[in-house]
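Trainee: My questions concern the predicted model and sequence given below.
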Amino acid sequence: MKITKLHGAGGTVMQQLIKDLILNNIELKSAGSLSLDDLDDSSTIKIFDNEIALTTDSYTVNPIFFKGGDIGRLAVSGTVNDLAVVGAKPLALTLSFILPEGFEYEKLERIVKSINETSKEAEVPIITGDTKVSDSVNDIVINTSGVGIVKKLLKDSNVKEGDAIIISGNIAEHGLAILLEREGFEFETNIKSDVSPLNKMIEEILDLDIHAMKDPTRGGVANALNELAEKSNIGIVIEEDKLPISEEVKGLCEILGLDPLTIANEGKVIIAVNRDDAEECLRRLRKTKYGKNAEIVGYATKEHKGVLLDTGIGKRIIDSPIGDPIPRVC
Ligand code: MG
């Protein structure tokens, strides 16, 4: 068997690879409340009375510059967000480059400046790194790891019956922006990537009775909701008319035959919150820069398993996609 792009596309095929090949062959996997086996956005390390969150991610997006961002902004935001959604305050990042021979100096400079801007915006310093030049890559690859201090541990497996499900803003913009850039479509659109660090926004709501959080990146909202539902052993119902999505994205998805629920986001979070705190959570999110279009989109229930989309005339099952319909988005 050979590895294909599907194995890295954030859907069920990738999950199977991770479970069968990686998790089964690693024996020491736990240092705190969240271990490698949890396959959460970050894992944790117990240190005396505190818990540290740790995460790592490699970025190979194609193209490296796109409307709304670039691989540098993505490398900082993605790692910061994976810390923030487990309830950690990001403290510091690492930064590693693998560069192909011949990569243009000016491009690297532009990327590093973007990394700097995003790190300043998130107020998370970059404290160590590594640079390699290799003929085994054909474009720049960036790896960032991040550490944070856990403020309130949020596991994917903690969605509770009756929780309100919130999405923090308009969906499917990152993946579509990448696709438009890559394929050079003739459509004139204003669609741009939502890539952003969300730690400041998440800080505003952490004292509420939040049970779980996840950033719907590869595999989109459909994948993130299925992971939450499966790990929490609960059902989730989403009301289609509540989903925050721009008319432009909706229209383009129809033309291209894409399901916006399966398209990657890089500046959005899904929140499962005690329904008593849902309105307050929404109010606070909407006051932030990246949460203006937040909506309560559904609820968690014990009545069924998996994820259902209520279309108003009936309910259909939202499966985990087998892979992201648009590969190499992050
Ligand atoms: Mg994540």
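Mentor: Okay, I see it. All values derive from a computational prediction rather than experimental measurement.
Trainee: packing partners for the helix or strand containing residue 51?
Mentor: Using DSSP states H and E, residue 51 maps to strand 50-59. Where contact means 3 or more CB pairs under 8 Å, 6 or more residues apart in numbering; DSSP states H and E, strand 50-59 is packed against strand 43-47, helix 71-84, strand 141-150. C-beta: built from backbone N, CA, C; applies to glycine.
Trainee: Flag every buried residue along that strand.
Mentor: 51-55, 57, 59 (16 or more other CB atoms under 10 Å).
Trainee: on that earlier part again, among the helices and strands packed on strand 50-59, which is nearest the ion?
Mentor: helix 71-84 (4.6 Å; CB to the ion).
Trainee: Go through the helices and strands packed on strand 50-59 and pick out the most buried.
Mentor: Among the helices and strands packed on strand 50-59, helix 71-84 has the highest mean neighbour count (mean count of other CB atoms under 10 Å), at a mean of 28.
Trainee: Quick check: which element contains residue 176?
Mentor: helix 173-183.
Trainee: got a list of what the nearest residue to residue 179 once chain neighbours are set aside touches?
Mentor: Of all residues not flanking residue 179 in the chain, residue 326 sits nearest, at 4.8 Å (CB to CB, 6 or more residues apart in numbering). Each residue near residue 326 by CB atoms under 8 Å, 6 or more residues apart in numbering is listed here: 175-176, 178-179, 258, 263-264.
Trainee: Farthest pair within those residues?
Mentor: 178 and 258 (12.2 Å; CB to CB).
Trainee: Comparing the two, which shows the higher neighbour count?
Mentor: residue 178 (28 against 19; other CB atoms under 10 Å).
Trainee: For that one, which non-adjacent residue is closest in space?
Mentor: Nearest one to residue 178, counting by CB to CB, 6+ apart, is residue 329 at 5.0 Å.
Trainee: right, and that neighbour touches residue 218 too?
Mentor: Yes - Residue 329 is in contact with residue 218 according to CB atoms under 8 Å; the separation is 6.5 Å.
Trainee: what's the overlap in contacts for these two?
Mentor: Common neighbours of residue 329 and residue 218 (CB under 8 Å, 6+ apart) are residue 264.
Trainee: Validate this expectation: residue 225 resides in a strand.
Mentor: No - with DSSP: H, G, I helix; E, B strand; the rest coil as the criterion, residue 225 is assigned helix and is not in a strand.
Trainee: Enumerate every residue touching the closest residue in space to residue 144 that isn't next to it in sequence.
Mentor: Excluding its sequence neighbours, the residue lying closest to residue 144 (CB to CB, 6+ apart) is residue 79, at 4.3 Å. By CB under 8 Å, 6+ apart, the contact list for residue 79 reads 55-57, 90, 93, 144-146.
Trainee: Check residue 5 too.
Mentor: With CB under 8 Å, 6+ apart, residue 5 has these contacts: 323, 327-328.
Trainee: helix/strand/coil for whatever residue of the chain ends up closest to the ion?
Mentor: Nearest residue of the chain to the ion (CB to the ion) works out as residue 41 at 3.8 Å. Here residue 41 takes the coil state, with states given by three-state DSSP.
Trainee: Tell me the strands beside the strand or helix carrying residue 130, with direction?
Mentor: Secondary structure assignment for residue 130, by DSSP H and E: strand 126-133. Strand 126-133 pairs in its sheet with strand 88-99 (parallel), by DSSP bridges.
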